[in-house]
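> here's my sequence, what's the structure:
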Amino acid sequence: MINKKAYHGGAFFEAIGEDFSSLNKANGIINADVLDAWFNPSPKVIKKIKKYTEFIIRTSPPTHCKGLIKTISKIKDIPIENILVGGGSSDIMFAIFPQLANKKTKVLILDPMYGEYAHIFENVTQSKLFRHKLFKKNDFKINITSLQKDINATKPDLVVLVNPNSPTGKYCTKEAVLNLIKSNLDKLFIIDETYVEYVDKKQSLEKYTTKLNNLIVIKSMSKIYALSGARVAYMVANKKIINNLSSFIPPWSVSLLGQIAGVEALKDPKYYQKQYNKTHNLRKNFIKGLSDISSIKIFDSMANFFLVELINPKLSAKNIVNNLRKQKIYLRNCDSMSKQFKNDFVRITVREEKSNNKVTKALRKELGKLDE
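The predicted structure is shown next:
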């Protein structure tokens, strides 16, 4: 029996209290170990949730999220029959991947990449997992020619890409990924576009799922819509794939709060685009404040986070993460995201300016101990 759980960030709840008895403590904690948005959900979301709080909490949601699906269809210009929703991207992944893969299935993923995929294919479906190595000398960018060589060599049934990737924040253009998919029509491609709006919503492959039978796009609404706690996500694919997988999504998979929040968030793109623009400025200033530290190397990103390599052998990701936790600052040790990482990479989430400055000050002090 498999009892290994997926590893995630979110350790900051240990300081708050997982029984939620001390939620007031959250104000003094910097949760930069998960990729939650630093900004609030759209005012439209907050207004509706506040107005109907009692009703939302006590009432069962629409069974199969028809209103949410209809809104996604309208806003994204994707037919309703090409959409499936779930309570967060992990909920969708755990529901559908066992239907797409088994012990005989060959799966190719990136390395480094969001660790949930490796966890599911290794521990849940127990598939034959291959890793396409991304090199730090190339800033962990995806090289399509190199990726195609690995596809030719491993002959996978499934190819999984997170784009922009986590924890690297690097992005491969829509045209390049499309060419790869069209050149391998016998392979099923799963593209996780959780952070693509930070690049440009026009770079999404969502609409191409109606034309390509070998493409699934997964979209979390957590990070880009500031709805992590609401747990909302969707996937798009051709009608046949959706029909085959829809029976594995349970009724009421998204709470009433999640469905309402998702609908209202989708209706306010201007608000969110302003937040994306602010996020890029915050990230650039955050990186600038750390860029002169000789003991680290920073890999810039297209999203709301960036990757830091500890190039001084005296440094340890584990020690830095633990030491900053004592100051109520939570960063992510990236060891679970790559076979390449050996206690030498940390991922940092972009927060509001005050928190970013506090993280910068704490890191500079911690790294400055090397000169003592």
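> centroid-nearest residue for this protein?
In the chain, the centroid-proximal residue (CA atoms, centre = their mean) is Thr194; its distance is 5.1 Å.
> quick one, what contacts that residue?
With contact set as CB atoms under 8 Å, 6 or more residues apart in numbering, Thr194 has these partners: 89, 162, 166, 218-220, 222-224. Glycine gets a C-beta too; all of them are placed from N, C-alpha and C.
> ok, and the most crowded of those residues?
Tallying neighbours with other CB atoms under 10 Å puts Ser166 at the head of the contacts of Thr194, with 27 neighbours.
> before we move on, the earlier item: you'd agree the residue nearest to the centre of the chain is in a helix?
No: read with DSSP: H, G, I helix; E, B strand; the rest coil, Thr194 is coil and lies in no helix.
> quick one: the helices in the chain?
Using DSSP state H, the helices assigned to the chain run over residues 13-16, 43-51, 53-58, 66-76, 89-100, 115-119, 144-154, 174-182, 196-199, 239-245, 256-266, 269-290, 317-325, 353-368.
> which residues are in contact with the first one?
I take that to be helix 13-16. Helix 13-16 is contacted from outside by 22-23, 25-26, 29, 325, 328, using CB under 8 Å, 6+ apart.
> likewise for stretch 168-177?
So stretch 168-177 is in contact with 112, 134, 139-142, 144, 161, 163-165, 191, 195-196, 199, 202-205, 299-303, 305-307, going by CB under 8 Å, 6+ apart.
> one more time with 6 Å, if that's ok
With contacts defined as CB atoms under 6 Å, 6 or more residues apart in numbering, stretch 168-177 is touched by 140-142, 144, 163-164, 199, 203, 301-303, 306-307.
> swap in stretch 309-325?
With CB under 6 Å, 6+ apart, stretch 309-325 has contacts from 295-297, 331, 333, 343-346, 362, 366, 370.
> so which of those residues belong to strands?
Among these, the members falling in strands are 296-297, 333, 345-346 (criterion: DSSP state E).
> how's the chain carved up into domains?
13-37+294-371, 43-269 (automatic domain parsing).
> quick revisit: could I get the contacts of Thr194 as TSV with pLDDT and distance to Met235?
Shown next, in TSV, are the contacts of Thr194 (pLDDT from 0 to 100; distance: CB to CB, whole Å):
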residue	pLDDT	distance to Met235
Ser89	94	8
Val162	97	14
Ser166	96	17
Ile218	98	5
Lys219	97	7
Ser220	96	10
Ser222	91	14
Lys223	92	16
Ile224	96	15
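> so which of these comes closest to Ile96?
Ile218 (9.1 Å; CB to CB).
> got a list of what the closest one touches?
89, 192, 235.
> could you dump these to CSV with distance to Pro313?
Listed next are the contacts of Ile218 as CSV, based on distance: CB to CB, whole Å:
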residue, distance to Pro313
Ser89, 36
Asp192, 33
Met235, 43
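> quick check: which ranges of the stretch 101-250 of the chain have low pLDDT?
Within the stretch 101-250 of the chain, not a single segment meets pLDDT under 70.
> circling back to that earlier point, now the contacts of stretch 168-177: which count as buried?
Applying 16 or more other CB atoms under 10 Å to those, the neighbour count classes 140, 142, 163-164, 199, 203, 301-303, 306-307 as buried.
> most neighbours among the ones in strands among the contacts of stretch 309-325, please name it.
Val346 (27 neighbours).
> and that residue, what is it in contact with?
Applying CB under 6 Å, 6+ apart, we find Val346 in contact with 308, 317, 331.
> verify the stated contact: the last one with Ile30.
The one in question is Leu331. No: with contact defined as CB atoms under 6 Å, Leu331 does not count as touching Ile30 (8.8 Å).
> if you count what's nearby, which of these two comes out ahead?
Leu331 (25 against 22).
> now the two most distant members of the buried ones among the contacts of stretch 168-177.
Checking the buried ones among the contacts of stretch 168-177 with CB to CB, the most distant pair is Gln203 and Leu307, at 20.7 Å.
> what comes up buried for stretch 230-239?
So, applying 16+ other CB under 10 Å, buried residues of stretch 230-239: 230-238.
> got JSON lines for these, with distance to Glu116 too?
What follows is the buried residues of stretch 230-239, written out as JSON lines (distance: CB to CB, whole Å):
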{"residue": "Ala230", "distance to Glu116": "19"}
{"residue": "Arg231", "distance to Glu116": "14"}
{"residue": "Val232", "distance to Glu116": "17"}
{"residue": "Ala233", "distance to Glu116": "12"}
{"residue": "Tyr234", "distance to Glu116": "17"}
{"residue": "Met235", "distance to Glu116": "14"}
{"residue": "Val236", "distance to Glu116": "19"}
{"residue": "Ala237", "distance to Glu116": "19"}
{"residue": "Asn238", "distance to Glu116": "24"}
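> which of the residues you listed fall in strands?
Among the buried residues of stretch 230-239, the members falling in strands are 233-236 (criterion: DSSP E).
> list the contacts for Asp186?
Asp186 neighbours (CB under 6 Å, 6+ apart): none.
> go on, Thr59?
Counted by CB under 6 Å, 6+ apart, Thr59 has contacts Leu256.
> pLDDT value on it, please?
Per-residue pLDDT puts Thr59 at 97.
> looking at the buried residues of stretch 230-239, spot the one nearest Asn82.
Using CB to CB, these come closest to Asn82 at Val236, 5.2 Å.
> count of residues packed around Asn277?
There are 11 residues near Asn277, going by other CB under 10 Å.
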